[in-house]
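Enquirer: Here's my sequence, what's the structure:
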Amino acid sequence: MGYKSRVIIGNTINMERRYFNGEVRAITNEQGQTLITGYASVFNSVSEDLGGFREYIAPGAFTDVLADISNLDCRGLFNHDPNYVLGRTVAGTLTLSQDDKGLMYTITPPDTQFAKDLLVSINRGDITGSSFGFTLIPDEDDIWTTDTNGNPVRTITRVRDLFDVSPVTFPAYPGTDTQVAKRSLEQFKERSKNRFQLLTNRLRLSE
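Expert: The predicted structure follows:
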């Protein structure tokens, strides 16, 4: 199951977003409440081409951000829109957990018309994607390598801040605006170029 990426650039933070297909559904609990649940992130799922590189999210990437869950203020939104709040961790209407598969969320939606409409769309199969908004520190929370074909691969090892999880209408976005990751990619390429040049110089000196 692949995913795509979008990056939101703000004045003080660089927030990235990741989108996953087929990871949201409506369920009914023992109390008869209808809940929205899904995986906002799936581990070890290779992304589509995000503009010159592919990406994985490593197992355990959310361990640190979930360690102090009582102080985590994360929202459940529809389509990342702050006008459509479905739940919130500090209110107890959004719960988050990490398992071997990824980052799972469960939302107790409000008794509002937009939430009722969303549940209908989820049950019909019209809404099938999930997403999350996050930040990390490049070079500290991600690792760059290359695959067998020499193409760059980014692995996200730690999520620093988790802003929202969202059922989304369009879980696939073009990777052309992955500005945060692309800056990190350019640094990786520069380091690789410098290492190659250093190795070449050493080989010349040994001749």
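Enquirer: now F78: how far from G133?
Expert: 13 Å (CB to CB, to the nearest Å). The way it works is simple: take the backbone N, C-alpha and C, and place the C-beta from them, glycine included.
Enquirer: Overlap in contacts, the two.
Expert: S166 (CB atoms under 8 Å, 6 or more residues apart in numbering).
Enquirer: ok, now which ones touch L66?
Expert: L72, L96, S97, Q98, L162.
Enquirer: Which pLDDT value does the model give the first one?
Expert: According to the prediction, L72 has pLDDT 95.
Enquirer: can I assume it is in contact with T89?
Expert: Yes: using CB atoms under 8 Å as the test, L72 is close enough to T89 to be in contact (5.3 Å).
Enquirer: Next up, the contacts around the closest residue to F43 other than its chain neighbours.
Expert: The shortest distance from F43 to any non-neighbouring residue, by CB to CB, 6 or more residues apart in numbering, is to P59 (4.5 Å). P59 makes contact with F43, N44, D100 under the criterion CB under 8 Å, 6+ apart.
Enquirer: Phi, psi for P59 please.
Expert: Backbone torsions for P59, taken as degrees, to the nearest 10, come to phi -60, psi 140.
Enquirer: ok, now how distant is it from I143?
Expert: In terms of CB to CB, P59 sits 13 Å off from I143.
Enquirer: same question, I69
Expert: 26 Å.
Enquirer: and if you look at V159?
Expert: 14 Å.
Enquirer: quick one, which of these two is more surrounded?
Expert: V159 (22 against 14; other CB atoms under 10 Å).
Enquirer: Helices of this structure, start to end?
Expert: 63-67, 113-124, 179-206 (DSSP state H).
Enquirer: Now list the buried members of the contacts of L66.
Expert: Buried members of those, scored by 16 or more other CB atoms under 10 Å, are L96, Q98, L162.
Enquirer: got these as CSV, with pLDDT columns?
Expert: Converted to CSV, the buried ones among the contacts of L66 look like this (pLDDT from 0 to 100):
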residue, pLDDT
L96, 98
Q98, 97
L162, 96
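Enquirer: Cross those residues against strands and list the overlap.
Expert: L96, Q98, L162 (DSSP state E).
Enquirer: now, among these, which is nearest to D49?
Expert: Using CB to CB, L162 comes nearest to D49 of those, at 25.4 Å.
Enquirer: Enumerate every residue touching that closest one.
Expert: F62, V65, L66, L72, C74, L96, F132, G133, F134.
Enquirer: Kindly recompute the last result at 10 Å.
Expert: 40-41, 62, 65-66, 72-75, 89, 96, 103, 132-135 (CB atoms under 10 Å, 6 or more residues apart in numbering).
Enquirer: how close does it sit to L119?
Expert: Distance, L162 to L119, by CB to CB: 24 Å.
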